[in-house]
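Peer 1: Provided below are the primary sequence and the corresponding predicted coordinates.
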Amino acid sequence: MFSIPSQPKPWHSYTPITLPPSSSTQPFHNKSILPLRISNTLDENSQTKQSSAGKIKRQVLTQEGRTKLNSYPDREFYAYPRFVTHVDDGFISTLTKLYRDRLRPGWEILDLMSSWVSHLPKEVVYKRVVGHGLNAQELAKSPRLDYFFVKDLNQDQKLELESCSFDAVLCTVSVQYLQQPEKVFAEVFRVLRPGGVFIVSFSNRLFYEKAVSAWRDGTGYSRVQLVVQYFQCVEGFTQPEIIRKLPSSNGAQAEKSPFSWFMRLLGLFSGGDPFYAVIAYKNFKPLYE
Ligand SMILES: C[S@@+](CC[C@H](N)C(=O)[O-])C[C@H]1O[C@@H](n2cnc3c(N)ncnc32)[C@H](O)[C@@H]1O
């Protein structure tokens, strides 16, 4: 196992390493770059003949809906580490409580689009937490990650991870940056074990220029519906469950406004960040066409 040097190397100079088998009893104390495991999930031919589970049934976003105001590569935007929290303490404590309720100790967890914080409850011991993001320095600093890898999901959605290898996948305050969410959700489905859970959480904060137009121009309500559709477009997820926690009556008002981020900036809405989570499980049942 390789350990991360104290001065993290740029992402492109990392060398793939060998990952201990998930059944290994050896504890993973050193954070390492996750090895590349080439999968061919997005290849239609890789689906088992009998089951249609994991197939993309329909496209949710139009071409226009996938566009961003800032069309430069995302890697450039995330080239420098941001050691900040992207949501307030209330949001984070709600999320941590949700994780405490839904994620069992000893699980294997993938934190997609992560940074230097994972929001997992500190006292819970998981078997393995793998992080993914666009900035290696942020990921290397995250105390919760045993491994991490850097990959631009708008360039290539294939996750070089074994099928059915995680009990839970998390995506926190980041789903709005995905331009190919249908393919990413299909990949999440593939890497989840049957019964595994995908928790997508978000608020109304965003890097406006980097969010897809379908999200940018939406409201709290429409964004929840969008994420529900991302789940529903993949065959085999359970009916998504929605959790909303709005800070106050002001918060409910803000949810209806597409300009809530701007009004919040001007201090016209008080209260904390609204909390939304959309959650679904990988169905146990095989599905047939
Ligand atoms: C607002 S931050 C959220 C980070 C973290 N999940 C958290 O809770 O603080 C958005 C994250 O999305 C990731 N991201 C944005 N665009 C991406 C892309 N095209 N491919 C992969 N990750 C991306 C970045 O690495 C960044 O850390």
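Peer 2: Done, it's in.

Peer 1: what lies in contact with the helix or strand where Leu110 lies?
Peer 2: Taking DSSP states H and E as the definition, Leu110 sits inside strand 108-112. Applying Cβ atoms under 8 Å, 6 or more residues apart in numbering, the external contacts of strand 108-112 come out as 22, 103, 118, 120, 126-132, 144-145, 153, 161, 165-172, 174, 184, 188, 191. No exception for glycine: its C-beta is placed from N, CA and C like everyone else's.

Peer 1: tell me the pLDDT at Pro16?
Peer 2: In this model, Pro16 is scored at 33, pLDDT.

Peer 1: where does the stretch 1-150 of the chain have low pLDDT?
Peer 2: 1-50 (pLDDT under 70).

Peer 1: alongside the ligand, which residues does the stretch 1-150 of the chain contribute?
Peer 2: By Cβ under 6 Å from any ligand atom, the residues of the stretch 1-150 of the chain that approach the ligand are Asp74, Tyr78, His86, Met113, Ser114, Ser115, Val117, Gly133, Leu134, Asn135.

Peer 1: just to revisit the earlier point, got the angle for the helix or strand just after the strand holding Leu110 vs strand 108-112?
Peer 2: Proceeding N to C from strand 108-112, the next assigned helix or strand is strand 128-133, under DSSP H and E. With axes from the mean of the first three to the mean of the last three Cα atoms, to 10 degrees applied, the angle from strand 128-133 to strand 108-112 works out at 10 degrees.

Peer 1: can you spell out which helices and strands pack onto strand 128-133?
Peer 2: strand 108-112, helix 136-141, strand 147-150 (3 or more Cβ pairs under 8 Å, 6 or more residues apart in numbering; DSSP states H and E).

Peer 1: anything in the longest strand that the chain contains near the ligand?
Peer 2: Using DSSP state E to define each element, the chain has its longest strand at strand 192-202. No. Residues of strand 192-202 are not located near the ligand by Cβ under 6 Å from any ligand atom, the shortest gap being 8.2 Å.

Peer 1: when you give positions from now on, start the count at 5
Peer 2: OK, 5 is where the count begins now, so the last one is strand 196-206.

Peer 1: picking up where we left off before, now the angle from the strand holding Leu114 to strand 196-206?
Peer 2: 40 degrees.

Peer 1: thinking again about what came up before, figure out which of the helices and strands packed on strand 132-137 is closest to Ala218.
Peer 2: strand 112-116 (19.1 Å; Cβ to Cβ).

Peer 1: direction included, what does the closest one pair against?
Peer 2: strand 132-137 (parallel), strand 170-176 (parallel) (DSSP bridges).

Peer 1: just checking, Tyr103 touches Tyr130?
Peer 2: No. If you go by Cβ atoms under 8 Å, Tyr103 and Tyr130 don't touch, sitting 10.0 Å apart.

Peer 1: please enumerate the shared neighbours of the two.
Peer 2: Leu124.

Peer 1: kindly format the C-alpha coordinates of the strand holding Leu114 as CSV.
Peer 2: Output of strand 112-116 as CSV, limited to C-alpha atoms (Å, rounded to 0.1, in the frame of the first residue of the first chain):
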residue,chain,number,x,y,z
GLU,A,112,-17.8,0.2,2.6
ILE,A,113,-18.6,3.7,1.4
LEU,A,114,-17.8,5.7,-1.7
ASP,A,115,-18.0,9.5,-1.3
LEU,A,116,-18.4,10.9,-4.8
